[in-house]
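S.K.: Next come a sequence and a model predicted from it.
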Number of protein chains: 2
Amino acid sequence: MTPPPAAGLTVWLTGLPSSGKTTLAHGIGERLRAAGRRVEVLDGDVVRARLAPELGFSRRDRAENVRRVGYVAHLLSRNGVTVVCALVSPYRDERHEVRALHDGRFLEVHVAAPLDVCAQRDVKGLYARQRSGELRGLTGVDDPYEAPEAPEVVVPTHRQTVEQSLDAIWEAIVSRSP
Amino acid sequence: MTPPPAAGLTVWLTGLPSSGKTTLAHGIGERLRAAGRRVEVLDGDVVRARLAPELGFSRRDRAENVRRVGYVAHLLSRNGVTVVCALVSPYRDERHEVRALHDGRFLEVHVAAPLDVCAQRDVKGLYARQRSGELRGLTGVDDPYEAPEAPEVVVPTHRQTVEQSLDAIWEAIVSRSP
C-alpha cells in the first residue's frame, strides 16, 4: 500500500447511528498504525465520557460536543497525528466550524448507509428504544441529520464491504498533497 | 542548552492564582520550540473555554476540569508532544489521577509563591474581588489548595527570577531518561 503523507490530518466520519463509523474508524486506525503513523481514534461514545459527560443530546449540547472533539482533533493533528473521529455530528454548521479550525488538515467522510439499513443493523439498540418510546431525539428518525454537501469521501456501507470502504478512505488519505 | 529527550511528556504547573504558572508555561513552551520539540501549552483559562465552558469552580467542577485537561494532555504526550499545562489544580487526588493516566510521562512543577505574594501581584484582580465580596471560593483564600507532596520541581517564584525558574524546570525536563 502507498504510505500516507507524514503531516497530521483529521479524518472525520459522520453518519447515522449504526452506519458503520466505529468499525471503519478502527479499521483505518489499524492501517495507519501498520504504516507507521501516529494515530488516535476518537470514538463518539468513548470521547463523550471523557470530555463531555455532562452534555446531553439537545441541539446545543450536540453542537458543543462536536466542537470539543474537533478542538482536541485539531490539537493532535497539528502535531503530526492522524486523528480518526467517529461521531454522528448531525449538523453542517459545527462540521464546517471544525473543518475551518483545521486549516486544511481535514477530510470529511460521509458514512452513508440509508436509515432503513441502519435501523435494521441497530448495533446499540437505539432504533428499537426509539420505536418503543423509551428514547426521543434519535438522529435520522425524530432528530435531524444534515448530510454533508461536499465530503471528500462517501462510503455507501450498505452496498460494499468494509474492506472496500476502508480502501476508499485510504485512497483519499494517501492522495492528499502533504 | 542540552536538548530535551524526544519522547512526549506532560509538564504540569500547579499553584495559586498569580503564582506565575502562565508566564513559566509560555517560557518553557518557547524554549522547547526553539529546541525543535512539538509543544502545546494548555493554559487553564484558555482551555476551560474550549473544553469546559459549562463548568464552574465547585469541588466537583474543578475536579472534572483537571481530569479533562489531563486527558487531552495524555493524548498529546503519548504522541510525542511536550504538553505544558498551567492549571491551579488545587486537589491532590485529581493531580494523582492525571499523573497515573500518563504512565510515567508526567512531571509536576509546584509554582510555589506564598499567598501574600500572589495576593499582592493579583494579575487578574481575583484577590481584590474576593476581598470586596464579589467573588467566593478563591483558591488559597476561602477554597483549599493542597500543595504537592512530591513534585519533581518546586519553583519559589518570589525568591528567584523567571529565568531561574525556567532553568530549574528545563533541567528537570532534559534530565529525564527518555
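M.R.: Good, I have the coordinates.
S.K.: same for the lowest-mean-pLDDT helix or strand in chain A, what does it pack against?
M.R.: In chain A, the helix or strand scored least confidently by mean pLDDT, DSSP states H and E is helix A:44-51, which has a mean of 90. If you count contacts as 3 or more CB pairs under 8 Å, 6 or more residues apart in numbering or on different chains; DSSP states H and E, helix A:44-51 packs onto helix A:59-77, helix B:59-77. (Each C-beta comes from the backbone N, C-alpha and C, glycine too.)
S.K.: Those: which one's closest to A:Ala172?
M.R.: helix A:59-77 (15.2 Å; CB to CB).
S.K.: and that closest one with helix B:59-77, angle?
M.R.: 40 degrees (axes from the mean of the first three to the mean of the last three CA atoms, to 10 degrees).
S.K.: And chain B, is the helix or strand just after helix A:59-77 touching that?
M.R.: Going down the chain from helix A:59-77, the next helix or strand is strand A:82-86, by DSSP states H and E. No - Strand A:82-86 lies out of reach of chain B by CB under 8 Å from any CB of the partner chain, never closer than 9.1 Å.
S.K.: Switch the helices and strands packed on helix A:44-51 over to CSV; also include distance to A:Gln120 and mean neighbour count.
M.R.: Listed next are the helices and strands packed on helix A:44-51 as CSV, based on distance: least, CB to CB, whole Å; neighbours: other CB atoms under 10 Å in any protein chain shown:
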stretch, distance to A:Gln120, mean neighbour count
helix A:59-77, 24, 21
helix B:59-77, 35, 21
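S.K.: Without its sequence neighbours, what residue ends up closest to A:Ala147?
M.R.: Nearest non-adjacent residue to A:Ala147, counting by CB to CB, 6 or more residues apart in numbering or on different chains: A:His110, 6.3 Å away.
S.K.: Chain A: helices as residue ranges?
M.R.: A:21-34, A:44-51, A:59-77, A:92-101, A:115-121, A:126-131, A:162-174 (DSSP state H).
S.K.: What does the pLDDT read for A:Thr14?
M.R.: Taken from the predicted model, the pLDDT recorded for A:Thr14 is 98.
S.K.: cool, A:Met1 as well?
M.R.: 60.
S.K.: again, but for A:Thr157
M.R.: Reported pLDDT for A:Thr157: 97.
S.K.: burial of it, as a residue count?
M.R.: Counted with other CB atoms under 10 Å in any protein chain shown, the neighbours of A:Thr157 add up to 23.
S.K.: list the contacts for it?
M.R.: Applying CB atoms under 8 Å, 6 or more residues apart in numbering or on different chains, we find A:Thr157 in contact with A:19-20, A:24, A:111-113, A:165.
S.K.: Which ones among these map onto strands?
M.R.: Counting by DSSP state E, these place A:Val111 in strands.
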